[in-house]
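Participant: One predicted model, sequence on top.
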Amino acid sequence: MPTYIVLLGPPGAGKGTQAKVLAEKFNLPHISSGDIFRENIKNGTELGKLANTYISQGELVPDDVTIAMIRERFSRSDCVNGAILDGFPRTPAQADALCEMLKEFDGRVNLVPFITAPVEVLIERLAGRWTCRTCGRVYHERFNPPKQHGICDADGGDLYQREDDKAETVVHRIEVYQKQTAPLIDYYKERGVLAEINGFAPIEEVSAQLMAAMKH
Ligand code: AP5
């Protein structure tokens, strides 16, 4: 049976950090809608140009555009055994679309770890986040610093700060999350797959909670 995990939580909760841990541990692809958008922005594609008008303002990219992009990603053969989804779905319409997509693989969403942390912690984490330009690995200048300033431990790539991590955009992203994405907490609770994870703990402790949730 394929295993599809959806990481849910506000910006800065640690979804990307933990998605990488899970993907490595279970040898599943890590599908991050934000990373796919950023790759398109970097490459100057039409999708990237459109997405950037929303991302730079801290708004969600429209559902039809996002769903089509993820459907394309799911058409690749590496998703048949499962995937770790990070940042998708983010609205009930996206969650319904995902459910339909997974039926094609005889799959379903098996687990939704919902990672939370207080708002002031989210803001602090995003303000100090540095991301590798080549592999997308994330660091934090205080909580998870690279061995060498500005250089990725994994592949030596340059580290950069995301444009949408500016303080005013972060506050808006959190508001957008509350309004448009938080309804997914009940959506998945009703389906019996939600697992609450305390994200206000050291990275290794959050990973341990996720491993425990995977065993149930
Ligand atoms: P996206 O890239 O998905 O961003 P996000 O959901 O806002 O989440 P983040 O990447 O900011 O945070 P994270 O939870 O992954 O935290 P991380 O692990 O990096 O989306 C960006 C934009 O794209 C959206 O605003 C939207 O416009 C668009 N978009 C994307 N998907 C979409 C969709 N489905 N529909 C419509 N639009 C979409 O950690 C953050 C920092 O904290 C790091 O520095 C990390 O090192 C540190 N950290 C992590 N865990 C811990 C810990 N336990 N203790 C201390 N520090 C920690």
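Facilitator: Good, I have the coordinates.
Participant: how about the residues of this structure near the ligand?
Facilitator: Contact residues (C-beta under 6 Å from any ligand atom) of the chain with the ligand: 9, 11-17, 33-34, 37, 54-55, 58-61, 66, 87-88, 90, 94, 125-126, 128-129, 138-140, 143-144, 164, 173, 199, 201-203, 206. Just so you know, the C-beta spots here come from the backbone N, C-alpha and C atoms, and that holds for glycine as well.
Participant: Go ahead and build a PyMOL selection from the buried members of these.
Facilitator: Applying 16 or more other C-beta atoms under 10 Å to those leaves a buried subset, and the PyMOL line that selects it is:
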select buried, resi 9+11+12+13+14+15+16+17+33+34+37+54+55+58+60+61+66+87+88+90+94+125+126+128+129+138+139+140+144+164+173+199+206
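Participant: now the end-to-end length of stretch 197-205.
Facilitator: One end of stretch 197-205 sits 10 Å from the other (C-alpha to C-alpha, to the nearest Å).
Participant: what does the helix or strand hosting residue 206 rub up against?
Facilitator: For residue 206, the host element (DSSP states H and E) is helix 203-215. The contact list for helix 203-215 (C-beta atoms under 8 Å, 6 or more residues apart in numbering) reads 5, 14, 17-18, 21-22, 25-26, 111, 113, 115, 143-144, 195, 197-199, 201.
Participant: tell me the average confidence for that helix?
Facilitator: The average of the pLDDT scores along helix 203-215 is 96.
Participant: Numbering from 402 from now on, please.
Facilitator: With 402 as the first residue, the last one maps to helix 604-616.
Participant: Give the buried residues for it.
Facilitator: 607-608, 610-611, 614-615.
Participant: Look up how far residue 560 lies from residue 541.
Facilitator: 11 Å (C-beta to C-beta, to the nearest Å).
Participant: Residue 470 now?
Facilitator: In terms of C-beta to C-beta, residue 470 sits 26 Å off from residue 560.
Participant: Compare these two (neighbour count), which wins?
Facilitator: residue 560 (21 against 18; other C-beta atoms under 10 Å).
Participant: How about the contacts made by the more buried one?
Facilitator: Contacts of residue 560 by C-beta under 8 Å, 6+ apart are 531-534, 540, 547, 551-553.
Participant: Residue of this structure closest to the ligand, please.
Facilitator: residue 435 (1.9 Å; C-beta to the nearest ligand atom).
Participant: helices or strands next to the lengthiest strand in the chain in the packing?
Facilitator: In the chain, assigned by DSSP state E, the strand with the most residues is strand 510-517. The contact analysis (3 or more C-beta pairs under 8 Å, 6 or more residues apart in numbering; DSSP states H and E) places strand 510-517 against strand 404-408, helix 416-427, helix 493-504, helix 584-591, strand 595-599, helix 604-616.
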